[in-house]
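Chemist: Build me a structure from this.
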Amino acid sequence: MSSHFLQRLTSSPAAPRARLPIDLALASALAAVIGLLGGCLGTASGSYTVGGTVTGLTSNGLVIANGSDTLSVASGSSSFTFATEVDTGDTYEVTVTTQPDGQTCSVTNASGTMASAKITNVAVTCRSYVALVADSGEAKVSSHLLGDDGALGAAVNATAASKPSGIVLSPDGKYAWVTNAGSGTVISYAVASDGSLSMLGTVSAGSAPVGIAVTPSGDYVYVANGGGTTLSQYVVGDTGTLSALSTASVNSGSKPLGVAVAASGAYAYSVNSGANTLAQYTVGSSGALSAMSTATVATGSVPQAVAVHPTGVAVYAVNYGGHSISQYSVGTSGALTAMSVATVSAGTNPVAMALRPDGKYAYVANAGSGTVSLYSVSSTGALTSAGSYATGSTPSGVAVSPDGLYVYVTDSGDNTVSQYSIGSGGKLVALSSATVATGTTPLGIAVR
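Modeler: Below you'll find the predicted structure:
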């Protein structure tokens, strides 16, 4: 065996070359490639602003929000952009948190998921307040824009069904719903920036629907079926149309004429003119009403309407036959207890009630005496009579403007709306044009 062969058998093999620097370089190169391809692979990141357009804003006070980010928008603005950017993949939702003076603003294209570019198509549209009146005698709804002095403009009419009675506007003012007592239906309308109405659809209700209310969220609508014993309940679609809930109606009592929802949205109340009771409900997550363990409380004679204090501390029943207002304190569960002074006097045959948005004053239309009664309201919701004011013939509905500056009363006996400014202490002062013509036999009225 040669020494050369022995050397090959006994010599240690050479150590492999170190590869770590090459592996690190390869990993770095791969990372760079992935970064360049990130957009194609769906891993784009970044943050972008949310903004859009503003139309029709002629007054100050508008505040909008995207989550916790708020933005004041000045009169005359045509666009807006929030300062805080939103990360790609996160959601945004623009809402109106404070309405401007004398106007109502709504938002379209309000929400979505942030992609990889700034949002510029959110649209805020503002208009002057509008008063809508249900003209029962001619199956129409009259629309009146409010002027700078609070006076109603000339009526623009929209078709309703037989005997329109109750009317309510959505919280953002984009939609309106009208009960038609003669046809047993509810009609949905879109409200344009000039106050004109476009019919969206019709749904069935119970017998002789009269009273109507919408939740503060604008998601659900309830109707009092005055010819029967039930409340109909609906969900509001994305376009303002109504669809009956899976449980289409709930029991109220004999001849329910009015319905109202607490500002919290957690409770609802209706008055039963045939039973002299007030029914009380909790509002479920799906909008369905459930009777409280004490389903009803006593009212005065022939209750026609129900109202809830803006802070939720009190509920009121308007007693047509008793010429009075029943007043109740609201417990932590929403249940009602008669106040120590259970009723206060009204005029003859009171039929409707509205409170100023700050809750300090209340107004009641008295059909039999042709007056509107004024009440001061304590922090607990207790009423104290503070005078009365002449209206037209047979006042049937009453509403307060959202800014708390004006009161409007429908006069079904002479086809007018009486209009007032609110002065010191809640006192009413007739406008220079004390009444404005509307349709035949005006009943319900809503302003937003």
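Chemist: Strands of the stretch 251-400 of the chain, residue ranges please.
Modeler: All strands of the stretch 251-400 of the chain, identified by DSSP state E, counting those that start in this stretch, fall at 256-261, 267-272, 277-283, 289-298, 303-308, 314-319, 324-330, 336-345, 350-355, 361-366, 371-377, 383-390, 395-400.
Chemist: Ala382 - how many residues pack around it?
Modeler: Neighbour count for Ala382, taken as other C-beta atoms under 10 Å: 17. C-beta here means a position set from N, CA and C on the backbone, and glycine is covered the same way.
Chemist: Looking at the strands of the stretch 251-400 of the chain, which is nearest to Pro164?
Modeler: Nearest to Pro164 among these is strand 395-400; the distance by C-beta to C-beta comes to 11.6 Å.
Chemist: give me every residue that touches the residue nearest to Gly284 when sequence neighbours are not counted.
Modeler: Counting by C-beta to C-beta, 6 or more residues apart in numbering, Ser290 is the residue found nearest to Gly284 once chain neighbours are left out, at 6.2 Å. Contacts of Ser290 were listed using C-beta atoms under 8 Å, 6 or more residues apart in numbering, and they are Val250, Tyr281, Thr282, Gly284.
Chemist: Most neighbours of all those, which one?
Modeler: Highest neighbour count within those, by other C-beta under 10 Å: Tyr281, with 24 neighbours.
Chemist: For it, give its distance to Ala263.
Modeler: The gap separating Tyr281 from Ala263 is 15 Å, by C-beta to C-beta, to the nearest Å.
Chemist: returning to what we had before: and the residue nearest to Gly284, bridged to which residues?
Modeler: Listed by DSSP bridges, the beta-bridge partners for Ser290 are Thr282.
Chemist: For it, give me the pLDDT.
Modeler: Per-residue confidence (pLDDT) for Ser290: 98.
Chemist: Just confirm Asp90 contacts Met114, I think it does.
Modeler: Yes. Between Asp90 and Met114 a contact is recorded at 5.5 Å, counting by C-beta atoms under 8 Å.
Chemist: So if I had to pick from the two, which one is more boxed in?
Modeler: For Asp90 versus Met114, the count of surrounding residues by other C-beta under 10 Å is larger for Met114: 20 against 11.
Chemist: In a strand, Gly425, correct?
Modeler: No. Read with DSSP: H, G, I helix; E, B strand; the rest coil, Gly425 is helix and lies in no strand.
Chemist: Check the residue nearest to the spatial centre of the chain and give its pLDDT.
Modeler: For the chain, Pro171 is the residue whose C-alpha lies nearest the centre (C-alpha atoms, centre = their mean; 2.3 Å). Looking at Pro171, its pLDDT stands at 94.
Chemist: Could you check which helix or strand contains it?
Modeler: Under DSSP states H and E, no helix or strand contains Pro171.
Chemist: Tell me how far it lies from Val221.
Modeler: From Pro171 across to Val221, the span is 12 Å (C-beta to C-beta).
Chemist: what's the overlap in contacts for those two?
Modeler: Val214.
Chemist: residue ranges with poor pLDDT in the chain?
Modeler: 1-44 (pLDDT under 70).
Chemist: okay, now the domains of it?
Modeler: 47-126, 129-447 (automatic domain parsing).
Chemist: For the first one, measure first residue to last.
Modeler: With C-alpha to C-alpha, to the nearest Å as the measure, the first residue of domain 47-126 is 29 Å from its last.
Chemist: quick check, distance from it to the centre of its chain.
Modeler: Relative to the centre of its chain, domain 47-126 is centred 19 Å away, using C-alpha atoms, centre = their mean, to the nearest Å.
Chemist: show me what contacts the residue nearest to the centre of the chain?
Modeler: By C-beta under 8 Å, 6+ apart, Pro171 lies in contact with Val214, Pro216, Ser217, Gly218, Arg448.
Chemist: how far away is it from Thr441?
Modeler: Relative to Thr441, Pro171 is positioned 28 Å away (C-beta to C-beta).
Chemist: One more: Gly182?
Modeler: 12 Å.
Chemist: Okay, and the beta partners of Val429?
Modeler: Bridge pairing for Val429 - DSSP bridges - gives Ser421.
Chemist: you'd agree it is up against Val407?
Modeler: No. Taking contacts as C-beta under 8 Å, Val429 lies outside contact range of Val407: 9.8 Å.
Chemist: These two - which one has more neighbours?
Modeler: Each of Val429 and Val407 has its neighbours counted (other C-beta under 10 Å); Val407 has more, 27 against 13.
Chemist: can you tell me which residues contact the residue nearest to that one when sequence neighbours are not counted?
Modeler: Using C-beta to C-beta, 6+ apart and skipping residues adjacent in sequence, the residue nearest Val407 is Tyr420, 4.6 Å away. By C-beta under 8 Å, 6+ apart, the residues touching Tyr420 are Tyr389, Tyr406, Val407, Tyr408, Val409, Leu428, Val429, Ala430, Leu431.
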